[in-house]
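> Turn this into a structure:
(2 chains)
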Amino acid sequence: MNIPLSSDLLDSIVLSLLNQKDYYGYELTSEIKKYLPISESTLYPVLRRLKQKALLTTYDQAFNGRNRRYYSINEAGKKQLSISIEEWKDYKKNIDILFNIKGE
Amino acid sequence: MEEYLNELNSYLITMRPDERKEIIDYYSEYILDAQFMTKEDMIEHFGTPKELAKIILTDHQLKAVNTNFSFKQMFIIMKNVFLLLLQSSVFKLMMMSIVVFLLGLAFISISFIALYILMILFIVGAIVGYIGIGVIAQSLITAITYIGISLMIFGLSLIIIQIANRLIQWVGKHIVYYLSNIFNKYLLKGEGLYDKAI
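Purely as a prediction, here's the structure:
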């Protein structure tokens, strides 16, 4: 079964990772790729969208004579994340019921 | 890396320069961090520059319809089209560029004519009002009539400003949207434009 990843879900996944620490582009993609089969061109539009919605901020840090752009969640992003997590719990609960998976 | 990014850049010609720079910065940083050495590495991970551009532009255009039209953006697109025209040896593209250029020019002229008419209306309104105030001592009725007409002209121009503004926004937005659409499609449709033109 190939479950497609909706863009809202991906937005929330990125926010959740940024909630733990600030990431730079490649690091973020690599982290998500450990768990989900996303393509390496997927994340730029996501980051751009989140920045436009003012859910994250960016800053540059020097590294090896060049810049790395770091992405950092802000208060609005954290608020959005907690809403998304609640929605996800509901969704998961309902799917579990339909799949007849008993909770712990 | 240079080659890949230059090629990507050439497909994003309808985007604003600052947006393009941000994209190129993002991918050049990514390539360095991921330690992609060859163009083949990059194609393996991102797809060809054309494929990557397609993803970026699709996302970008979804957004473009929702943003306001600005003359600045229109000028940028016209400038890019013009640059492409200079660089391109492809006849079809040249003809299309000329049409686009003239369309843009026509649109801007129309906006200026509208502005001109409004200015005249305003001046006429002001003069009539001035005459009205001038004759207030001789004949109150005439004065009131003149001032009334003057106010009506001002009111009318305010309404016209609103309508013209909406109209220009709407037309401009759609022209910009469809033009970039045509160009992006053309650029991405395997005519090998990159090899021929840039």
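> Around chain B, which positions in chain A sit nearby?
Of all the residues in chain A, those in contact range of chain B (C-beta under 8 Å from any C-beta of the partner chain) are A:24-27, A:29, A:40-41, A:44-45, A:47-49, A:52, A:66-69. Where C-beta positions appear, they are placed from N, C-alpha and C, glycine not excepted.
> Look up how far chain B lies from the residue most central in space within chain A.
Using C-alpha atoms, centre = their mean, the residue of chain A that lies closest to the mean C-alpha position is A:Val14, 1.4 Å off. In this structure, A:Val14 and chain B are separated by 14 Å, where distance is defined by C-beta to the nearest C-beta, to the nearest Å.
> ok, that residue touching A:Arg49?
No - with contacts defined as C-beta atoms under 8 Å, A:Val14 does not count as touching A:Arg49, sitting 9.6 Å away.
> nearest spatial neighbour of the residue of chain B at minimum distance from chain A, skipping sequence neighbours?
Checking chain B residue by residue against chain A with C-beta to the nearest C-beta singles out B:Asp33 as nearest, at 3.6 Å. Leaving out its chain neighbours, the residue that sits closest to B:Asp33 by C-beta to C-beta, 6 or more residues apart in numbering or on different chains is A:Tyr26, at 3.6 Å.
> what's around the one you found, how many residues?
19 (other C-beta atoms under 10 Å in any protein chain shown).
> The one 4 residues further on too?
If you count neighbours by other C-beta under 10 Å, A:Ser30 ends up with 13.
> need the contact list for it.
Taking C-beta atoms under 8 Å, 6 or more residues apart in numbering or on different chains as the criterion, A:Ser30 is in contact with no other residue.
> So the residue of chain B most remote from its centre: helix, strand or coil?
Here chain B reaches farthest from its C-alpha mean at B:Gln138, the gap being 53.9 Å by C-alpha atoms, centre = their mean. Secondary structure, DSSP: H, G, I helix; E, B strand; the rest coil: B:Gln138 is coil.
> And it, what's its pLDDT?
In the prediction, the pLDDT value recorded for B:Gln138 is 82.
> One more: B:Leu179?
71.
> okay, and the helix or strand of chain A with the least pLDDT?
Counting by mean pLDDT, DSSP states H and E, the weakest-scoring helix or strand in chain A turns out to be helix A:43-52, with a mean of 90.
> Name the residues of it that are buried.
Counting neighbours by 16 or more other C-beta atoms under 10 Å in any protein chain shown, one finds that the buried residues in helix A:43-52 are A:43-50.
> Can you tell me which helices and strands that helix packs against?
Helix A:43-52 makes packing contacts with helix A:7-20, helix A:25-33, strand A:56-63, strand A:66-73, helix B:17-34, helix B:49-64 when contacts are defined by 3 or more C-beta pairs under 8 Å, 6 or more residues apart in numbering or on different chains; DSSP states H and E.
> B:Ser111 is nearest to which of those?
Among those, the nearest to B:Ser111 by C-beta to C-beta is helix B:49-64 (20.1 Å).
> pLDDT averaged over that closest one - what is it?
On average, the pLDDT along helix B:49-64 is 77.
> I'm done for today, thanks for sticking with me.
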